[in-house]
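1. Mind looking at a prediction? Sequence and model below.
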Amino acid sequence: MPIGVFDSGLGGLSVLKALKAAMPEQAFVYFGDNAHAPYGTREPEDILAKTRAALDILWRDCDLVILACNTASAIALRPIQTAGVPVGKNVLGVFVPMIEALAERPWGDTSPPSRVSLDRVALFATPATVASGAFERELNLRAQGIQVTAQACPELVDAIESGDRARSARLVHQYATALKETLPEPQAAVLGCTHYPWVAADFQSALGAEVRLISQPDLIAASLKDYLIRHQIPGDTGTDRFLTTGDCHAVSLQASQFWGSNLPFENTL
Ligand code: DGL
């Protein structure tokens, strides 16, 4: 079966790109809830309801779905897993691979938290992700002694989705400056939103070359590949599909600026 990849909009394409590079034969169904993006400024109950609705659609064709959206992973993953998913279906978030990398441990290692070499880490994410505290909670389960300073970036997803490069660069600079007022010398910065890899160069120049940027897509791809092997999940070599709740023509065009070519988005039924 294809693997589902869900995001509020087009940010998850940064993850899909890395997944396709790591597993070129594997088929994926991408679903962007563009009609309701951005999620990051919505209330938790609303994010949970919208993520559940998206999963119900993706689970029709996919047994495994990746929430390629930190906001959905932060708010909705735990309640959905705790309530129980339909038999034969599964959902994974995007926090854990990034945290396992920060905590310097192998994929899927559930041993008690250990001391690691980093101690000052910046987290850039949506307001909902920052407010949830989910990143710190998951990190504390795996690593000791890391001080995380979180910076919410409320307007950045809109600027990235609208393709306004000057505005997104300005906002990144503004959020990096605000972060540095609290944490003047971060050792590493986590781009905790799947939209942000598209403006990673702006983050690097605003923070300085000495700050190690932790960008999710490659980490997610490597950990998913490992997960599929560990759980003996066979691949599926069908055709990729692209679903949206938005205007499929507009979304296809918009997606081309991230993907490099038009993607044939269809509406969800
Ligand atoms: N790209 C998503 C994330 O990783 C959501 C952004 C949004 O919709 O606000 O958080």
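-> Noted; the coordinates are in hand. Residues are numbered from 1 along each chain as shown.
2. can you count the residues close to C62?
-> Residues near C62, counting by other C-beta atoms under 10 Å, number 25. (Each C-beta comes from the backbone N, C-alpha and C, glycine too.)
3. pretty sure it contacts P2?
-> Yes - between C62 and P2 a contact is recorded at 5.4 Å, counting by C-beta atoms under 8 Å.
4. which residues are common contacts for those two?
-> V29 (C-beta atoms under 8 Å, 6 or more residues apart in numbering).
5. Spell out which parts of the chain neighbour the ligand.
-> 7-9, 11, 37-40, 69-71, 126, 129, 157, 193-195 (C-beta under 6 Å from any ligand atom).
6. mind running it again at 8 Å?
-> 7-9, 11-12, 37-42, 68-74, 94, 125-126, 128-129, 157, 192-196 (C-beta under 8 Å from any ligand atom).
7. residues touching N267, list them.
-> 243-245, 248 are the contacts of N267 under C-beta under 8 Å, 6+ apart.
8. Do a quick rundown of the strands in the stretch 1-150 of the chain.
-> Remark: strands assigned in the stretch 1-150 of the chain by DSSP state E, counting those that start in this stretch are 3-7, 28-32, 64-67, 90-92, 114-115, 120-125, 143-144, 147-152.
9. In JSON lines: those, plus distance to R165 and mean neighbour count.
-> As requested, those are exported to JSON lines (distance: least, C-beta to C-beta, whole Å; neighbours: other C-beta atoms under 10 Å):
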{"stretch": "strand 3-7", "distance to R165": "20", "mean neighbour count": "28"}
{"stretch": "strand 28-32", "distance to R165": "20", "mean neighbour count": "25"}
{"stretch": "strand 64-67", "distance to R165": "27", "mean neighbour count": "25"}
{"stretch": "strand 90-92", "distance to R165": "32", "mean neighbour count": "20"}
{"stretch": "strand 114-115", "distance to R165": "40", "mean neighbour count": "12"}
{"stretch": "strand 120-125", "distance to R165": "18", "mean neighbour count": "24"}
{"stretch": "strand 143-144", "distance to R165": "35", "mean neighbour count": "18"}
{"stretch": "strand 147-152", "distance to R165": "21", "mean neighbour count": "18"}
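10. Let me have the ones you listed in JSON lines, extended by mean pLDDT.
-> Listed next are the strands of the stretch 1-150 of the chain as JSON lines, based on pLDDT from 0 to 100:
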{"stretch": "strand 3-7", "mean pLDDT": "98"}
{"stretch": "strand 28-32", "mean pLDDT": "97"}
{"stretch": "strand 64-67", "mean pLDDT": "98"}
{"stretch": "strand 90-92", "mean pLDDT": "96"}
{"stretch": "strand 114-115", "mean pLDDT": "89"}
{"stretch": "strand 120-125", "mean pLDDT": "96"}
{"stretch": "strand 143-144", "mean pLDDT": "92"}
{"stretch": "strand 147-152", "mean pLDDT": "96"}
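11. which stretch among these comes nearest P264?
-> With C-beta to C-beta, the closest approach to P264 among these belongs to strand 28-32: 10.8 Å.
12. now the closest one and strand 3-7, what's the angle there?
-> Relative orientation of strand 28-32 and strand 3-7, computed by axes from the mean of the first three to the mean of the last three C-alpha atoms, to 10 degrees: 20 degrees.
13. Strand 28-32 pairs with which strands, and in what direction?
-> Take DSSP bridges as the rule and strand 28-32 pairs in its sheet with strand 3-7 (parallel), strand 241-244 (parallel).
14. which other residues reach the first one?
-> Outside strand 3-7, the residues that touch it by C-beta under 8 Å, 6+ apart are 12-13, 15-16, 19, 26-33, 51, 54-55, 58-59, 61-62, 64-69, 72, 194, 224, 236.
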